[in-house]
Each structure stands twice: as C-alpha cells, then as structure tokens.
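**Q** Would you be able to build a 3D model of this:
(one chain, ligands or ions: 2)
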Amino acid sequence: MEKNSVAVIGAGKWGQALHFALSQKQKCYITSRTKRDINNFVDLNTALSCQYLIIAIPAQQIRQWLDEHFEFKGQKILVASKGIEASTGKFLNEIYEEFIPSENLGFISGPSFAAEVIKGLPCALVLNSLNKEIFNEFEKFFPDFIKTYYSDDVIGAEICGAYKNVLAIASGICEGMNLGNNARVSLISRGLVEMQRFGSHFGAKMETFIGLSGAGDLFLTASSELSRNFRVGLGLANNKTLDEILKELGEVAEGVKTSYAINSLNKKHKIYTPIANEVYSILEGKNPKDSLKDLLKD
Ligand SMILES: NC(=O)C1=CN([C@@H]2O[C@H](COP(=O)(O)OP(=O)(O)OC[C@H]3O[C@@H](n4cnc5c(N)ncnc54)[C@H](OP(=O)(O)O)[C@@H]3O)[C@@H](O)[C@H]2O)C=CC1
Ligand SMILES: O=C(CO)COP(=O)(O)O
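**A** Numbers count the residues shown, from 1 in each chain. Ligands and ions are numbered 1, 2, ... in the order given. Here you go, the predicted model:
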C-alpha cells in the first residue's frame, strides 16, 4: 500500500467532483465500473490498494459492492453517499461496519452540490467519524476552497443526509404544484422538525440538525433545481411517472429508495413522520393534491 495514496471509487457526479477537489493538493486516483477519460483514472485493484479511499457509489448498491469487491487491508475510508438501504432499513454506517472497523470509517455530510464543487466554488463540509484521527488525516487532503469541520455524530450525519433527500422530493412537489413560497418554507421547516424527531429516536444529536449536515444540506437540496431529488418532486407534481422521471434524470436520486426505508423504519419504531409518509404515498401513486389536503389536516 503506497503511503498517503488517495483514491475515489465511483466516477459519477459526486465522485468526479471529489476527485477534482482532492487533486488540488496531491495526486488522487479515481476508478469506476465504466472507464472514463479522467486524469489518474485507474483500475479497481489499483484504487483499492490506496491507503485512503473515498467511496461515492449509490446507497442501494453499497452492500453488494463491498461484498463482491472489497477486501479490508487497513484502508481509511470516507463514505460520500447519502441514503438508507431500502431492503433492510440500515443506515450506511451500519452497512460499512459489517465490513470495516468503525475506527477506520468517516462519513461526509453537508451542503455540497457536485456541480459547484467541480468548479472550485467554496463550501463547508463535515467529516463525521467516531475516531477523530480519521478527520485529522483526511482533512489535510481537502483544498483551500472547502472548509472541513469535525463531528463524532455519525448517526446524525447519516440520518440528515438521507432524510433531506426525501424532504427535497416533497419540496419539489410543492414547487411543481405552484403552492407558493410560504408553503415551501413551511414544508421545509416542518421537515427539519420531522427529521430531528426521527433522528433523535436513533440517538442523533440536536446540534447536528441545526448545523451544516442538517439544516444546511436540507435548505440547499430542498430549494434548488440543481438537486436531483427536488427534480423528482417537480416531475411527480407534473404527473410524470417515476420511471420517466428517473430515465430523464440519468443519475441517482437517493430520496426515492430512502423514502421506502423510512416508511418501514417509522412503522417499526412508531415515529411520527407525516411528510415522509406523504412522499412515500405519492411514489406509490397517491395524488399530490390529496397529500396536500392530508398534510394540512393532520
Ligand atoms: N451529486 C451530488 O451533488 C452529491 C451526491 N452525493 C451522494 O453521492 C452518491 C453518488 O452520487 P452521484 O455521484 O451524484 O451519482 P451518479 O448517478 O452521478 O453516479 C453514481 C456512481 O456510482 C457508480 N455505481 C452505480 N451502481 C454501481 C454498482 N452497482 N457498483 C459500483 N458502482 C456503481 C456509477 O458507476 P459508473 O461510473 O460505472 O456509472 C457512478 O460512478 C449518492 O449517494 C449521492 O446522494 C452526496 C453529495 C453531493
Ligand atoms: O446531497 C446533495 C447536495 O448536498 C445533492 O443532492 P441531490 O442528490 O438531490 O442532487
């Protein structure tokens, strides 16, 4: 293992943006299933032999990918994905911990559209880990245009990153129905309360919800067409089918599968999550106008 070697796994939108950012101060490799014409693109085995890995593949694919391709050899890992596994209701830290010791794991959170990061525009991110050494070691790889903060609230970051995608779908629906600014901001604010209620059930810290990982990423994603999840909501409000929307998108919108995961978790743990429930119901065919009536009533 080459000392201090860094590689990004997954050359989608976010993987490429992180690769651009991490290439500013040192050499950074990148790999993906599909070969791409990017500097320092290498095969998977070369990437896996690096000491530091940043993994940016969609949440629903992670377990299978770890199972089929990953061998733990002491690598330090930052997880860049945001979502909850729909088939099990497991948070990403729980999945990764089945394959890698938690002291080797960190999780990126915070408001960060890949399209802006890849232009070198400034942003602030949180590197969450139970082991502060992970923050100390990865922090030095980030460029000057990204400010990094440390948090040990891994579960809080995971829940915020996943839940805000479902709320971004809701906000996109609200926008697509032309319900106005008051409605959208009421939805986002109540969404933040709901996300915090859900998260505190699993031990997330209050401060995470009011910081970059929670309110920060929620405000960003739920208020911009740069968000794929927001665009899913716009499509649903315009009576497009989910298949049409996802085909047009051509990229992952984690909120779709995550809303199924939240729907199982809230039933199992009896957590009151009205907005996520309506997103799930709309994905299952409910008319958004009926969802609006129900949200105003409950
Ligand atoms: N885009 C953004 O602004 C941000 C995204 N994220 C999160 O990062 C994650 C990735 O998003 P993003 O890069 O935008 O998504 P994209 O849809 O742009 O890319 C997905 C990437 O995952 C790879 N991939 C898909 N399925 C598999 C699989 N079965 N095995 C291995 N690799 C696979 C693809 O490989 P291939 O190259 O072969 O197509 C591609 O590189 C998501 O969880 C997202 O929520 C987080 C913050 C910001
Ligand atoms: O997580 C993101 C920004 O922080 C990206 O959101 P989308 O996946 O909705 O585009």
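
**Q** List, one by one, the residues from the stretch 151-298 of the chain near ligand 1.
**A** Listed as neighbours of ligand 1 in the stretch 151-298 of the chain under the rule Cβ under 6 Å from any ligand atom: E251, V252, E254. Yep, even glycine has a C-beta here, placed from its N, CA and C like the rest.

**Q** so of those residues, which ones are in helices?
**A** E254 (DSSP state H).

**Q** ranking the residues of the stretch 151-298 of the chain next to ligand 1 by neighbours, who comes first?
**A** E254 (25 neighbours; other Cβ atoms under 10 Å).

**Q** Test my guess that that one contacts Y163.
**A** No. Between E254 and Y163 there is no contact under Cβ atoms under 8 Å: 10.5 Å.

**Q** From S129, how far out is D290?
**A** Distance check for D290 against S129: by Cβ to Cβ, to the nearest Å, it reads 43 Å.

**Q** Please identify which of those two sits among more neighbours.
**A** Taking neighbours as other Cβ under 10 Å, D290 and S129 compare with S129 leading, 28 against 12.

**Q** residues contacting that one?
**A** When contacts are counted by Cβ atoms under 8 Å, 6 or more residues apart in numbering, S129 touches L105, G106, F107, F135, Y150, D152, V154.

**Q** what two of those are the furthest from one another?
**A** Within the contacts of S129, two members stand farthest from each other by Cβ to Cβ: L105 and Y150, at 14.0 Å.

**Q** And for G89, the neighbour number?
**A** For G89, using other Cβ under 10 Å, the count is 18.

**Q** And L226, by the same measure?
**A** Around L226 sit 13 other residues, with neighbours defined as other Cβ under 10 Å.

**Q** Over to S23?
**A** 19.

**Q** ok, now which ones touch it?
**A** When contacts are taken as Cβ under 8 Å, 6+ apart, S23 is in contact with N39, N40.

**Q** any idea how far L187 lies from ligand 1?
**A** 21 Å (Cβ to the nearest ligand atom, to the nearest Å).

**Q** Same question for E68.
**A** Applying Cβ to the nearest ligand atom to E68 and ligand 1 gives a distance of 8 Å.

**Q** Who are the packing partners of the helix or strand where that residue lies?
**A** Taking DSSP states H and E as the definition, one finds E68 inside helix 62-69. Packing contacts for helix 62-69, counted by 3 or more Cβ pairs under 8 Å, 6 or more residues apart in numbering; DSSP states H and E, involve helix 92-97.

**Q** F219 looks like it's in a helix, true?
**A** Yes. Under DSSP: H, G, I helix; E, B strand; the rest coil, F219 sits within a helix.

**Q** and L234, helix, strand or coil?
**A** L234 ends up helix, using three-state DSSP.

**Q** mind listing the strands for the chain?
**A** Here the chain has its strands, by DSSP state E, at 6-9, 28-31, 52-55, 76-79, 105-109, 123-128, 146-151.

**Q** hey, which helix is longest across this structure?
**A** helix 154-176.
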